[in-house]
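1. Let me see the structure of the following:
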Amino acid sequence: MSNGLIARALDFLGLPSQPPYDDPYGDPGHAEETRRERDSGVIPLRAERSEFAGVTIIRAEPSDMEEAAAVADEIKHRLPVVLNLQAVPEHEATRIRDFLGGVTYGLNGYMRRIAEWVYICSPFDMPVEKLVLSGTNMGSRDRDSILEVPEDF
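-> Model prediction:
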């Protein structure tokens, strides 16, 4: 009964009894588009960060410089990128690594080698640290030996 009374009072004052739905994306078709993508199995490259509890990590396997430019855009958006160049010919992998290393350096970020031809590029506010798993400092983070970049880099 009190809900009906409040609704009538709001109507009398010319105010809507129920606030309109505010689309956080500013696009009324966004919800339908997202539902279609989810139902079709298509996963967008980068979703809204507010949908996640943590940080989105992009995994990239560029095969040429054109694809490397798309990876550079993700780095420019301050997203950490795991870069896998294992399937790329060595000459092209070196060019891609050097290019993305320059992009990361230009943004004051970090590029660290994880494995042979696998690197992580992270923004300046997300340093990559090595967890010590042996010795007397087991379990501590070692900032001095942050996943070393190879000499040829």
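2. any idea where the helices of the chain begin and end?
-> 2-12, 30-40, 65-76, 90-106 (DSSP state H).
3. Just give me the lowest mean pLDDT stretch among those.
-> Per-segment mean pLDDT for those reaches its minimum on helix 30-40, at a mean of 53.
4. Please parse the protein into its domains.
-> As recorded under automatic domain parsing, the domains making up the chain are 1-44, 54-142.
5. in stretch 85-92, what's buried?
-> Across stretch 85-92, burial judged by 16 or more other CB atoms under 10 Å covers 85, 88. Any C-beta I mention is one placed from the backbone N, CA and C, and that applies to glycine too.
6. same check, this time on stretch 89-107
-> Buried-residue list, stretch 89-107, by 16+ other CB under 10 Å: 93, 95-97, 99-101, 103-104, 107.
7. Including distance to Val118, could those go into a markdown table?
-> Compiled in a markdown table, those are given as follows (distance: CB to CB, whole Å):
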| residue | distance to Val118 |
| --- | --- |
| Ala93 | 10 |
| Arg95 | 16 |
| Ile96 | 12 |
| Arg97 | 10 |
| Phe99 | 16 |
| Leu100 | 12 |
| Gly101 | 14 |
| Val103 | 17 |
| Thr104 | 15 |
| Leu107 | 20 |
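8. Neighbours of the residue lying closest to Phe99 once chain neighbours are set aside, how many?
-> Spatial nearest neighbour of Phe99, chain neighbours left out: Ala68 (5.5 Å); criterion: CB to CB, 6 or more residues apart in numbering. Ala68 has 22 neighbours, counted by other CB atoms under 10 Å.
9. which residues touch Ala68?
-> Contacts for Ala68 (CB atoms under 8 Å, 6 or more residues apart in numbering) come out as 62, 95-96, 99-100.
10. What score does the residue lying closest to Pro80 once chain neighbours are set aside have for pLDDT?
-> Of all residues not flanking Pro80 in the chain, Ser122 sits nearest, at 4.3 Å (CB to CB, 6+ apart). At Ser122, the predicted lDDT confidence score is 92.
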